[in-house]
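S.K.: Structure for the following, please:
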Amino acid sequence: MINRLVDRFGKTGFAALSSIIWALPMAAWAGSADLSPVDRTATPTIALTIGVVMLVVWFVLIASLRRVHMTPRQRRFDIGQMSPSEKRWTLGCAAFATGLIAWLNAAATVDWGPLGSAIGSGEIGPIVFAAVLALFAITMVAGIAFTWRKESQAFSRRARA
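M.R.: Below is the predicted model of the structure:
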């Protein structure tokens, strides 16, 4: 399975894609660590332990990549083969995706009750705050779509050449 994934994405693309296995538990740990001192229901040590174990697994995966054979061909996410334009648009897409993940993580760890009641009472500050939060989420989704489309176009130009 790893050989097939590496052959599809290239070694650097596989390394980037596989980093999700430890990044997501670490994000969960960061979110639960904020809640734990307040309500004592979150257990950040569990998420931290899972994240550290997955980080060790990730290091083992990355170290074993030297032994994986790759057939020479064009790969979309091989950083060594990417044009500067592809690298820029891929980095932009990753930045927007990171912003959206941060927004989702924040949304999952916040009690929205006070904001809802403040908006219901017609206070202008919370209404503006909610509008800015919505605008941020819309901007992240639009940014992902735009940069993905541009990155796809840059890859098509490279593949045709």
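S.K.: what about the helix or strand harbouring Trp58, average pLDDT?
M.R.: Using DSSP states H and E, Trp58 maps to helix 44-63. Helix 44-63 carries an average pLDDT of 76.
S.K.: Please enumerate the helices of this protein.
M.R.: If you assign secondary structure with DSSP state H, the helices in the chain sit at 2-18, 20-39, 44-63, 84-108, 113-120, 124-160.
S.K.: Against which helices or strands is the longest one packed?
M.R.: Based on contacts counted as 3 or more CB pairs under 8 Å, 6 or more residues apart in numbering; DSSP states H and E, the elements that helix 124-160 packs against are helix 84-108, helix 113-120. To be clear about C-beta, it is placed using only N, CA and C from the backbone, and glycine gets the same treatment.
S.K.: for the residue sitting nearest the centre point of the chain, what are its contacts?
M.R.: Centre of the chain computed as the mean C-alpha position; nearest residue by CA atoms, centre = their mean is Thr98, 4.5 Å away. For Thr98, no contacting residues are found, by CB atoms under 8 Å, 6 or more residues apart in numbering.
S.K.: circling back: mind checking which of the helices and strands packed on helix 124-160 is nearest Ser64?
M.R.: Each of the helices and strands packed on helix 124-160 was scored for nearness to Ser64 using CB to CB, and the closest is helix 84-108 (24.2 Å).
S.K.: how about that closest one: buried residues?
M.R.: 86, 89-90, 92-93, 96-97, 99-100, 103, 105 (16 or more other CB atoms under 10 Å).
S.K.: lowest-confidence stretch among the helices of the chain?
M.R.: Taking the mean pLDDT of the helices of the chain, helix 20-39 comes last: a mean of 61.
S.K.: Can you report phi and psi for the residue of the chain most remote from its centre?
M.R.: No residue in the chain has its C-alpha farther from the mean C-alpha position than Ser121, which lies at 35.9 Å (CA atoms, centre = their mean). Dihedral angles of Ser121 (phi, psi; degrees, to the nearest 10) stand at phi -80, psi 0.
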